[in-house]
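Engineer: structure here, sequence nowhere to be found:
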């Protein structure tokens, strides 16, 4: 079952669309996976590009096989300010390539606080969840991967598993480096770090290396700081929902290892 809610945020001073999948015929308690770009997860008619992760179907398959515990999946829709709300440091260089019609000062830190201080308590109150860090996951792709990384590092006692897909940070490598040096993960966190070798979709070497170098930078920074880390560059992988959906099986297995 998937239901859509509108959650009022005092921190963001707005209402946010939240799509929540709850497995049928499973009463919980549930593990909880928070995901960004929620409109691209479940329904093709709401997807920005007509494709979805279909993430709930993949979780259902593992659940029916008895391989994982039941999960709630919380999809947080983005807004027209996506390029700012998913950025935890200066993102001015993004706007050299993209329109700044909807630009506001970057506020990834406030968006992260919304999830931790407002959304998670609401979810934990409304549903029978397992609220501890071991059973709380955060994941996203592109800029969503960046804000997931930020939240895993800044809130290591909240999120036990972090999915970092095709992270976009080519526009401020120094900012990413500062983030990685400023915060340390908890040694018992799990980090799933992936990227495609053809993120640009056009075999442009410079553009593709901008992504693979970022993912490698994140991996190198974390590999000796956590006990559980997954890192993979997928040959031919392109920056889109179909590519990220294809990795969910590995993500589910990695985050449910005992």
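Structural biologist: Okay, I see it. Keep in mind it's a predicted model, so treat the numbers as computed, not measured. Numbering: from 1, shown residues only.

Engineer: all strands in this protein, in order from the N-terminus.
Structural biologist: 2-9, 14-21, 31-35, 71-76, 136-141, 161-165, 190-196, 228-234 (DSSP state E).

Engineer: distance to residue 112 added to those, as a markdown table?
Structural biologist: Bear in mind the C-beta positions are built from the backbone N, C-alpha and C, glycine included. Below are these laid out as a markdown table (distance: least, Cβ to Cβ, whole Å):
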| stretch | distance to residue 112 |
| --- | --- |
| strand 2-9 | 12 |
| strand 14-21 | 13 |
| strand 31-35 | 11 |
| strand 71-76 | 11 |
| strand 136-141 | 9 |
| strand 161-165 | 12 |
| strand 190-196 | 17 |
| strand 228-234 | 22 |
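
Engineer: mean pLDDT and mean neighbour count added to these, as JSON lines?
Structural biologist: JSON lines is the format used below for the strands of the chain (pLDDT from 0 to 100; neighbours: other Cβ atoms under 10 Å):
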{"stretch": "strand 2-9", "mean pLDDT": "94", "mean neighbour count": "13"}
{"stretch": "strand 14-21", "mean pLDDT": "94", "mean neighbour count": "18"}
{"stretch": "strand 31-35", "mean pLDDT": "98", "mean neighbour count": "24"}
{"stretch": "strand 71-76", "mean pLDDT": "97", "mean neighbour count": "26"}
{"stretch": "strand 136-141", "mean pLDDT": "98", "mean neighbour count": "26"}
{"stretch": "strand 161-165", "mean pLDDT": "98", "mean neighbour count": "27"}
{"stretch": "strand 190-196", "mean pLDDT": "97", "mean neighbour count": "25"}
{"stretch": "strand 228-234", "mean pLDDT": "97", "mean neighbour count": "17"}
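
Engineer: residues contacting residue 14?
Structural biologist: 8, 79 (Cβ atoms under 8 Å, 6 or more residues apart in numbering).

Engineer: what are the bridge partners for it, then?
Structural biologist: Beta bridges link residue 14 to residue 9 when assigned by DSSP bridges.

Engineer: gap between it and residue 147?
Structural biologist: Between residue 14 and residue 147 the computed distance is 17 Å (Cβ to Cβ, to the nearest Å).
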